[in-house]
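>>> Quick check, what structure comes out for this input:
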Amino acid sequence: MICKNDLFEIDITDLNNLGSGVGHTADGMVVFVPGAVTGDRVSARAIKVTKSYAVAKLETVVLPSPYRAKSDCSASLSCGGCVYRHVNYEYEKECKRNYVRSAFRKAGLQDVPVGELRSVGVLSGYRNKAQYPVGVDRNGNLFAGFFAANTHRVIPIADCRLTPPLFGEICRAVLTLCDKALISAYNEQTGKGLLRHLYLRRNVKGEVMLCLVVNGRELPHEKEFADAICRQFPQIVSLYVNVNRQNTNVILGEDYRLLAGLPYLEDVLCGLRFRISPQSFYQVNHDACELLYGIAKEKADLRGGERLVDLYCGIGTIGLSMIDRAKSLVGVEIVPEAVDCAKENAALNNIANATFLCADLSENEPMLARVAKETGEDFAHSVVILDPPRKGTTRALIEEIAQNNVPKVLYISCNPDTLARDCAIFRENGYEIGEVTTVDLFPRTGHVETVVLMTKK
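Residues are numbered from 1 along each chain as shown. Next comes the predicted model:
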């Protein structure tokens, strides 16, 4: 039996999706060792011991695993974002596929096949969006970074390996201007200070939307600031201030104010033009997203006569990318600004057979009844697309889909656990579950995207 602060050696037999190696003591206790890799023998010091498991700090690698790789980021362990940066990529892909398999096994769906992880192979600089909390160093200077794992302590890492170098350059320039203007960093404990976060988005052309999240109505000398930063970085085509005065860990407030440039960022995805507002969801990995949507389109096997019902549609990217093989599209989204963007995106691409509704899919209102009322059609020739947030969809919506005898449901998910849970409910309601395809939209992190087609028996 190990006790807190004990130093011991242990063989690592598994690696979880949080980046912790997993081993067992001689008496069978499970030990989690962040930074250890399957196949390692390590020396570790216990930092937390409970009745059922222990957590230990990696002290030294006694015998390295063949899966181990040298991390190219000094902050990866403290940040906690890139949980697989210390393993080779082939093993990371295997771990992610096994994570999805495990989720389906726990949901009682061990017979559902899980395909090999698909990837575009780009492991750094792929993120087109980043949100940086702002801190202050011991000299009183502002810095941008990320929260340390499981804390709200800001680690100064503006040059994250997952983001384009331009993001770090813009962050440093913004904070230099803010230091000169004596702008303070927000303090969560006191609720005081002005600048909370820097929020950046980039399109494939390299154009940038910059949003400063503030604990107040405005920045001092806003016009001078906007002129200076846009002059230094002509790539900034959209500059916003977001007001968040709530004592909360939610990053963005509801009030946006355009300081300079366009009210949107325009990108090209799957051959279509999309305008993205700062509030709207848009996949963070452009090239991997195109791979994902291509796989989804292939699974849907559209023949031209189907109506697409794109639930959780965001700015319309999935449905609009498939509409060339369908008769029509109805999209449903809770964020009004995203619905406006979706309508604008349809018009931008000369797509006339698309309708978008603003509604909350988590409510108990029969959503498909509303869709049928709006369109005057039943669901005999419909394909429902689900791309919900991490919490998944609701049993009520699944049962409504089944009651309307929707023949095909295409489910895209960023959370294998809630996907497996929802697939089990679909099976209860008479759906056959096809092969789950895994796609790596978030290399080096513990996240994995999945897509599966379910058909009504």
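>>> Enumerate the positions of stretch 205-215 that are buried.
Within stretch 205-215, the residues scored as buried using 16 or more other C-beta atoms under 10 Å are 207-215. (C-beta placed from N, C-alpha, C; glycine too.)
>>> And stretch 394-403, by the same measure?
Quick answer for stretch 394-403 (16+ other C-beta under 10 Å): 394, 397-398, 400-402.
>>> And the buried residues of stretch 205-215, which is closest to residue 280?
residue 209 (10.7 Å; C-beta to C-beta).
>>> what's across from residue 431 in the sheet?
residue 456 (DSSP bridges).
>>> I'd assumed residue 409 was in contact with it.
Yes - Residue 431 lies in contact with residue 409 (C-beta atoms under 8 Å); the separation is 6.7 Å.
>>> the more surrounded of those two?
Of the pair residue 431 and residue 409, residue 409 is the one with more neighbours under other C-beta atoms under 10 Å, namely 26 against 22.
>>> Each with direction, which strands does whichever strand or helix holds the more buried one pair with?
Taking DSSP states H and E as the criterion, residue 409 maps to strand 408-413. Sheet pairing for strand 408-413, assigned by DSSP bridges, gives strand 382-386 (parallel), strand 449-456 (antiparallel).
>>> quick one on the thing from earlier: find the residues that touch each one of residue 431 and residue 409.
Taking C-beta atoms under 8 Å, 6 or more residues apart in numbering as the contact rule, residue 431 and residue 409 both touch 454-455.
>>> Output stretch 335-354 as PDB, restricted to C-alpha atoms.
Provided in PDB are the C-alpha atoms of stretch 335-354 (Å, rounded to 0.1, in the frame of the first residue of the first chain):
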ATOM      1  CA  VAL A 335     -27.700  31.300 -31.600                       C
ATOM      2  CA  PRO A 336     -29.600  34.000 -33.500                       C
ATOM      3  CA  GLU A 337     -26.400  35.500 -34.900                       C
ATOM      4  CA  ALA A 338     -25.400  32.100 -36.300                       C
ATOM      5  CA  VAL A 339     -28.800  31.700 -37.900                       C
ATOM      6  CA  ASP A 340     -28.300  35.100 -39.600                       C
ATOM      7  CA  CYS A 341     -24.900  33.900 -40.800                       C
ATOM      8  CA  ALA A 342     -26.300  30.600 -42.100                       C
ATOM      9  CA  LYS A 343     -29.000  32.500 -44.200                       C
ATOM     10  CA  GLU A 344     -26.300  34.900 -45.400                       C
ATOM     11  CA  ASN A 345     -24.000  32.000 -46.300                       C
ATOM     12  CA  ALA A 346     -26.800  30.300 -48.300                       C
ATOM     13  CA  ALA A 347     -27.300  33.500 -50.300                       C
ATOM     14  CA  LEU A 348     -23.600  34.000 -50.700                       C
ATOM     15  CA  ASN A 349     -23.300  30.700 -52.400                       C
ATOM     16  CA  ASN A 350     -26.500  31.200 -54.500                       C
ATOM     17  CA  ILE A 351     -28.300  28.400 -52.600                       C
ATOM     18  CA  ALA A 352     -32.000  29.100 -52.700                       C
ATOM     19  CA  ASN A 353     -33.400  25.700 -51.300                       C
ATOM     20  CA  ALA A 354     -32.200  26.200 -47.700                       C
END
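>>> Can you name the residues in contact with it?
With C-beta under 8 Å, 6+ apart, stretch 335-354 has contacts from 264, 272-277, 279-281, 313-317, 319-320, 323, 327-331, 333, 356-358.
>>> Check the secondary structure at residue 263 for me.
coil (DSSP: H, G, I helix; E, B strand; the rest coil).
>>> How about the contacts made by it?
Applying C-beta under 8 Å, 6+ apart, the residues near residue 263 are 238, 277.
>>> confidence score at it?
Note for residue 263: predicted pLDDT of 96.
>>> Quick one: distance of the helix or strand bottoming out on mean pLDDT in the chain to the chain centre.
Least confident helix or strand, the chain: helix 76-79 with a mean of 75, by mean pLDDT, DSSP states H and E. Mean-position distance between helix 76-79 and its chain equals 18 Å (C-alpha atoms, centre = their mean, to the nearest Å).
>>> For residue 66, state which of the buried residues of stretch 394-403 is nearest.
residue 398 (42.9 Å).
>>> is it true that the closest one touches residue 421?
No - counting by C-beta under 8 Å, residue 398 does not reach residue 421; the two are 10.2 Å apart.
>>> my guess is residue 132 contacts residue 142, does it?
No - distance between residue 132 and residue 142: 10.8 Å, which falls outside the contact criterion (C-beta under 8 Å).
>>> okay, the two: which has more neighbours?
residue 132 (29 against 23).
>>> neighbouring strands for the host helix or strand of that one, and are they parallel or not?
Taking DSSP H and E as the definition, residue 132 sits inside strand 129-136. If you go by DSSP bridges, strand 129-136 pairs up with strand 142-144 (antiparallel), strand 195-202 (antiparallel).
>>> by contact count, what packs against the least confident helix or strand of the chain?
Contacts defined by 3 or more C-beta pairs under 8 Å, 6 or more residues apart in numbering; DSSP states H and E place helix 76-79 against no helix or strand at all.
>>> what residues does that helix touch?
So helix 76-79 is contacted by 34-35, 71, 73, 82-83, 85-86, 146-149, 155, 157 (C-beta under 8 Å, 6+ apart).
>>> If you rank the residues you listed by neighbours, which is first?
Counting by other C-beta under 10 Å, top hit in those: residue 86 with 28 neighbours.
>>> Tell me who's in contact with that residue.
Counted by C-beta under 8 Å, 6+ apart, residue 86 has contacts 19, 35, 37, 68-71, 76-77.
>>> Write a PyMOL command that selects only the buried members of those.
Listed next is the PyMOL selection for buried residues among the contacts of residue 86, using 16+ other C-beta under 10 Å:
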select buried, resi 19+35+37+68+69+71+76+77
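>>> Next step: the contacts of residue 86 restricted to helices.
Within the contacts of residue 86, residues falling in helices by DSSP state H are 76-77.
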